[in-house]
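1. just to be clear, the model below is a prediction. Sequence and coordinates:
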Amino acid sequence: MSLLRPVLRRCHTNLRIRHLRGLATAAEPAANHNHQHQATNNFVKVVEVGPRDGLQNEKKIIPLTTKIELIERLSKTGLTDIEAGSFVSPKWVPQMADSNEILEYILKYPPNSLNPIAYSFLAPNSRGLDNAVSILRAHPTSYQTFSPQSTPYEPDESGIPNESAAEPTSNPPFIEMSVFAAATESFSEKNLNCNIATSLERFREVITGAKAHGLRVRAYISVVLGCPFEGYDVDPRKVAEIACDLMEMGADEIDLGDTTGMGTAPRTAALLNAMQAAGIRNEDITMHFHDTYGQALVNSAVSLEHGIRRFDASVGGLGGCPYSPGATGNVSTEDLVYFFESLGMETGVDLDTLCEVGEWINGEIGKGNDSSVGKALMAKRKLER
Ligand SMILES: CC(C)(COP(=O)([O-])OP(=O)([O-])OC[C@H]1O[C@@H](n2cnc3c(N)ncnc32)[C@H](O)[C@@H]1OP(=O)([O-])[O-])[C@@H](O)C(=O)NCCC(=O)NCCSC(=O)C[C@@](C)(O)CC(=O)[O-]
């Protein structure tokens with residue numbers, strides 16, 4: 001795929017996405033158009049990526065039991081979406097080599113939770129998907145399949161996940177697959193050992209295969225606001241084109257990764273405007289900020305203002321990407337939940353329990369807690385004792 005596609009091709013893509021997703025067209029009234037910028041409700045979905053993105057970069061192999069305990073603990077915080085592992089080459093990311101056992105555990109012993117949880121796993125190619133599917137096939141009645149008409153783990157009309165279930169119970173999980181493209185050729189080569197066009201062809205197979213098994217698909221695009229190899233100048237239109245390609249392939253969600261944390265408020269706004277111009281709906285977008293330059297909450301605020309209601313985060317600020325030198329962790333889940341709730345938004349997440357998880361996992365892997373809110377609330381709790 002060339003960097004600059006002919007304008008006609010882009011227009012065609014936009015129209016197709018609009019058609020597929022029932023979007024407003026340019027001919028529709030401005031009021032409809034503006035709707036994209038308004039909050040549809042007060043709920044913000046926070047997707048926990050700590051067990052995968054948070055741990056994948058750790059040099060010392062973390063015991064499987066610790067990873068499972070992390071997932072178990074997170075499941076009881078009110079989170080409804082947890083990225084649990086990665087079916088990638090163990091030669092490339094050794095820390096994720098036990099993801100098959102994690103998936104198997106989740107299917108056999110679904111962690112207790114207030115609401116059904118969607119657990120997602122990365123797959124860079126059909127091999128990764130096949131590995132995941134072979135485990136699913138061995139447990140055909142242990143998970144729920146996704147139908148675009150019914151998404152039980154989405155919040156109800158009030159915008160808040162089911163809080164009536166006072167005690168966490170065992171709910172059959174949803175399983176999702178994630179593909180991960182890059183916005184620059186250099187990052188694609190480093191992360192996937194192939195160019196963007198080849199990666200997209202592989203993702204087409206993964207997406208088609210996953211959908212055939214009733215699995216929802218998240219589609220990441222990395223380095224959307226800065227590349228460790230190509231710098232700040234990542235063209236938002238290029239990101240939007242890749243997003244359109246992935247949506248056309250059947251992806252259910254586009255996850256925009258600020259892998260390096262180089263994103264700034266104005267460039268976040270420009271990126272989201274480019275996505276809107278390309279016909280990608282806000283409800284199909286997730287933002288994934290790393291906090292390397294301390295801009296993650298500012299960029300989250302810009303995204304929220306634009307109308308985005310789905311954000312990735314990592315408990316205790318765990319994380320970094322093995323192919324993004326110097327990148328620190330994701331924005332911490334505790335900071336993001338505290339921030340959203342301070343704005344009067346609902347997340348359905350119990351902040352106190354979450355802070356305990358962040359403190360615990362950082363202790364387990366021998367790191368300092370990278371969540372400001374986590375540290376503050378844990379210190380406050382010690383004083384109050
Ligand atoms: C894509 C490949 C496999 C290409 O890697 P390659 O070396 O070009 O592939 P290959 O087809 O030549 O295979 C090499 C070996 O890996 C095996 N292999 C091949 N595929 C698989 C698989 N799925 N599962 C298990 N094994 C696999 C394959 O069988 C072979 O084994 P050998 O014959 O040498 O024994 C490799 O580059 C890879 O695994 N990359 C993944 C890198 C990665 O996981 N990066 C981190 C995730 S992305 C991220 O963190 C960003 C994100 C998502 O968080 C968002 C953001 O912040 O931006």
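-> Perfect, I can see it now. Numbers count the residues shown, from 1 in each chain.

2. for the nearest residue to N282 once chain neighbours are set aside, the count of nearby residues, please.
-> Nearest non-adjacent residue to N282, counting by CB to CB, 6 or more residues apart in numbering: G307, 4.1 Å away. Glycine gets a C-beta too; all of them are placed from N, C-alpha and C. Using other CB atoms under 10 Å, G307 is surrounded by 19 other residues.

3. roughly how far apart are G307 and A278?
-> 15 Å (CB to CB, to the nearest Å).

4. now do the strands in the stretch 1-150 of the chain.
-> 45-48, 81-86, 112-113, 118-122 (DSSP state E, counting those that start in this stretch).

5. dump those into JSON lines; add distance to the ligand and mean neighbour count as well.
-> Shown next, in JSON lines, are the strands of the stretch 1-150 of the chain (distance: least, CB to the nearest ligand atom, whole Å; neighbours: other CB atoms under 10 Å):
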{"stretch": "strand 45-48", "distance to the ligand": "11", "mean neighbour count": "24"}
{"stretch": "strand 81-86", "distance to the ligand": "6", "mean neighbour count": "26"}
{"stretch": "strand 112-113", "distance to the ligand": "23", "mean neighbour count": "19"}
{"stretch": "strand 118-122", "distance to the ligand": "6", "mean neighbour count": "26"}
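
6. now the one residue in the stretch 151-300 of the chain that gets nearest to the ligand. Its backbone dihedrals?
-> The ligand sits closest to G257 of the stretch 151-300 of the chain, with a gap of 2.5 Å, by CB to the nearest ligand atom. The phi and psi values for G257, taken as degrees, to the nearest 10, are phi -100, psi 120.

7. got the contact list for F180?
-> L122, P124, N191, L192, A219, Y220, I221, S222, G257 (CB atoms under 8 Å, 6 or more residues apart in numbering).

8. how many neighbouring residues does the fourth one have?
-> To tie it back to what came earlier, the one meant is L192. 23.

9. quick one, what contacts it?
-> With CB under 8 Å, 6+ apart, L192 has these contacts: P124, F180, A182, S199.

10. and those residues near the ligand, which?
-> P124, F180 (CB under 6 Å from any ligand atom).

11. pick out the most distant pair among the contacts of L192.
-> P124 and A182 (11.3 Å; CB to CB).

12. common neighbours of the two, please.
-> Joint contacts of P124 and A182 (CB under 8 Å, 6+ apart) are L192, S199.

13. pretty sure the residue of the stretch 151-300 of the chain closest to the ligand contacts T286?
-> No - judged on CB atoms under 8 Å, G257 makes no contact with T286 at a distance of 9.3 Å.

14. higher neighbour count, these two?
-> Neighbour count, other CB under 10 Å: between G257 and T286, G257 has more, with 28 against 22.

15. pLDDT wise, what is that one at?
-> You'll see G257 listed with a pLDDT of 98.

16. swap in the one 10 residues further on?
-> Note for R267: predicted pLDDT of 98.

17. neighbours of it, just the number please.
-> 21.

18. which helix or which strand is home to it?
-> Under the criterion of DSSP states H and E, R267 resides in helix 265-277.

19. got the angle for the next helix or strand after that helix vs strand 81-86?
-> Once the chain leaves helix 265-277, the next helix or strand it forms, by DSSP H and E, is strand 285-289. Relative orientation of strand 285-289 versus strand 81-86 (axes from the mean of the first three to the mean of the last three CA atoms, to 10 degrees): 70 degrees.

20. who does strand 285-289 pair with, and is each partner parallel or antiparallel?
-> strand 253-258 (parallel), strand 310-313 (parallel) (DSSP bridges).

21. that older thread, weed out the non-buried ones from the contacts of L192.
-> By neighbour count, with 16 or more other CB atoms under 10 Å, the contacts of L192 hold P124, F180, A182, S199 as buried.

22. next one: the closest residue in space to the first one that isn't next to it in sequence from the ligand, what distance?
-> I take that to be P124. Nearest non-adjacent residue to P124, counting by CB to CB, 6+ apart: V88, 5.3 Å away. Per CB to the nearest ligand atom, to the nearest Å, V88 is found 3 Å from the ligand.

23. which residues are in contact with V88?
-> Counting by CB under 8 Å, 6+ apart, V88 has contacts M96, L122, A123, P124, G128.

24. cross those against helices and list the overlap.
-> Per DSSP state H, helices hold the following members of the contacts of V88: G128.

25. from the contacts of V88, which is closest to G368?
-> The closest of the contacts of V88, once distances to G368 are taken by CB to CB, is M96, at 23.3 Å.

26. neighbours around that closest one, how many?
-> That count, for M96 with other CB under 10 Å as the rule, works out to 22.

27. that one against S86, yeah?
-> Yes - the criterion here is CB under 8 Å, and M96 meets it with S86 at 4.0 Å.

28. need the residues touching each of the two.
-> R52, Q56, L122.

29. pretty sure M247 contacts I285?
-> No - the pair M247 / I285 is not scored as a contact, 10.4 Å apart, by CB under 8 Å.

30. how about N330, phi and psi?
-> Residue torsions, per degrees, to the nearest 10, at N330 are phi -70, psi 160.

31. who touches it in this structure?
-> 49-50, 53-54, 288-291, 296, 312-314, 317-319.

32. hey, C-alpha coordinates of the lengthiest strand in the chain in PDB?
-> For the chain, the longest strand by residue count, based on DSSP state E, is strand 174-182. Output of strand 174-182 as PDB, limited to C-alpha atoms (Å, rounded to 0.1, in the frame of the first residue of the first chain):
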ATOM      1  CA  PHE A 174     -16.200 -13.500  26.100                       C
ATOM      2  CA  ILE A 175     -12.900 -14.100  24.200                       C
ATOM      3  CA  GLU A 176     -11.600 -11.500  21.800                       C
ATOM      4  CA  MET A 177      -8.700 -11.400  19.500                       C
ATOM      5  CA  SER A 178      -6.600  -8.300  18.700                       C
ATOM      6  CA  VAL A 179      -4.500  -7.600  15.600                       C
ATOM      7  CA  PHE A 180      -1.900  -4.900  15.700                       C
ATOM      8  CA  ALA A 181      -0.900  -2.800  12.700                       C
ATOM      9  CA  ALA A 182       1.600   0.100  12.800                       C
END
